[in-house]
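Enquirer: here are the coordinates; sequence isn't available:
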DNA sequence: CTGAATTAGTTGATTAATTCAACCAATTAC
DNA sequence: GTAATTGGTTGAATTAATCAACTAATTCAG
């Protein structure tokens, strides 16, 4: 009999594949998965510092710096020095960057739409309920020590 | 209000991160995520051909060939020509490969254990139920055309 | 049967992705 | 004020991944 942990790992393999499929299709765009994710974060968080992005995305800061440099070079983002702390640059999407983001977004949206196209409304909501259930459970805090 | 698709994508970002965390920790091993996955498939499927692995894992066949070559060089796997079809090699783990696999496996197991350590039995089963629910829903087939 | 097309897998060349440590400049802590 | 820390950049190096060309074995079509 499979243990809870085995089943968890089964799901991880399964979902890795789902995510992989989505990426592949998304890759009619010139952006890699992480680039897309970075664009997303910049879009989401308005003017944002590199370290704020890092705290969301979990990657090497040197690498992020290079990706951002590329983005700046191709005019997807603009940087503005923070008044509060002159070390940090606040990054925003340019109009061009926003456009790229929207294109990516639409492609990704379409992929998911495809994926759930066979589900009726009720099933779709069940699906989301499962996802939210997982998140909730995986963020259950440790019980307080009764010291 | 967020749509079903938006929520689905939220979950994808969330779960990407979960998977990323697991990988990172797994990477006290000398193996990359895909290498680990390949070892897993060889272990799982007994003597297996490269193309069978490809059908599970979804990667470039040239790249897989190189990874397998490395594995062979470091004596993790052995190849044996298939009697049925002389083009295919059937791949198995050597004793050394099995040992490496077990080490990886134990590390991965431990990670998950950690992740669910705050959950009681009932919550753990809920978690698995959610995962299985997702799998089931995402494999709902298209309705037959009533032609 | 015979030649054309397909399939399994390999290889070399090339590009893309990622890491790493050293580093500068600004800020905070002592 | 000086030391330590933080935000970010850079160059060098390594690793990962792609791609097309290729060999050899197999299948398919006539």
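Expert: Cool, the structure landed. Keep in mind that what you see is a predicted model, and the values were worked out from it rather than measured.

Enquirer: Need the three-state assignment for the most centrally placed residue in chain A.
Expert: Nearest residue to the geometric centre of chain A (Cα atoms, centre = their mean): residue A:37, 4.5 Å. With DSSP: H, G, I helix; E, B strand; the rest coil as the basis, residue A:37 sits in helix.

Enquirer: quick one: it and residue A:57 touch, right?
Expert: Yes: with contacts counted by Cβ atoms under 8 Å, residue A:37 reaches residue A:57, the gap being 5.9 Å. The way it works is simple: take the backbone N, C-alpha and C, and place the C-beta from them, glycine included.

Enquirer: tell me the contacts of the closest residue to residue A:76 other than its chain neighbours?
Expert: Take residue A:76 and drop its neighbours on the chain: the residue closest to it by Cβ to Cβ, 6 or more residues apart in numbering or on different chains is residue A:97, 3.6 Å away. With contact set as Cβ atoms under 8 Å, 6 or more residues apart in numbering or on different chains, residue A:97 has these partners: A:39, A:42, A:71, A:75, A:76, A:77.

Enquirer: quick one: low-confidence parts of chain A?
Expert: A:25, A:27, A:145-147 (pLDDT under 70).

Enquirer: Now do the SS call for residue A:16.
Expert: Assignment for residue A:16 (three-state DSSP): helix.

Enquirer: How about it: what's its closest non-neighbour residue?
Expert: The nearest residue in space to residue A:16 (Cβ to Cβ, 6+ apart) is residue B:19, at 6.2 Å.

Enquirer: The one you found - how many residues pack around it?
Expert: Residues lying near residue B:19 (other Cβ atoms under 10 Å in any protein chain shown) number 16.

Enquirer: Equivalent analysis for the one 4 residues further on, please.
Expert: Residues near residue B:23, counting by other Cβ under 10 Å, number 16.

Enquirer: Which of the helices or strands spans it?
Expert: helix B:4-26 (DSSP states H and E).

Enquirer: okay, the angle between that helix and helix A:4-26?
Expert: Taking axes from the mean of the first three to the mean of the last three Cα atoms, to 10 degrees, one finds helix B:4-26 and helix A:4-26 inclined to each other by 120 degrees.

Enquirer: follow-up on the earlier one: next one: the residue nearest to residue A:76 from DNA strand C, what distance?
Expert: Distance, residue A:97 to DNA strand C, by Cβ to the nearest atom of the strand, to the nearest Å: 17 Å.

Enquirer: any idea which element that residue lies in?
Expert: helix A:95-115.

Enquirer: And residue A:134, by the same measure?
Expert: Residue A:134 belongs to helix A:121-138, assigned by DSSP H and E.

Enquirer: Around DNA strand C, which positions in chain A sit nearby?
Expert: A:32, A:34, A:59, A:60, A:62, A:63, A:66, A:84, A:85, A:86, A:87 (Cβ under 7 Å from any atom of the strand).

Enquirer: if I look at the second one, how far off is residue A:40?
Expert: So that's residue A:34. 10 Å (Cβ to Cβ, to the nearest Å).

Enquirer: which of these two has more neighbours?
Expert: residue A:40 (19 against 13).

Enquirer: which element is that one on?
Expert: Assigned by DSSP H and E, residue A:40 falls in helix A:33-44.

Enquirer: anything in that helix near chain B?
Expert: Yes: Helix A:33-44 is in contact with chain B by Cβ under 8 Å from any Cβ of the partner chain, via A:37, A:40.

Enquirer: elements contacting that helix?
Expert: helix A:4-26, helix A:50-57, helix A:61-73, strand A:89-93, helix A:95-115 (3 or more Cβ pairs under 8 Å, 6 or more residues apart in numbering or on different chains; DSSP states H and E).
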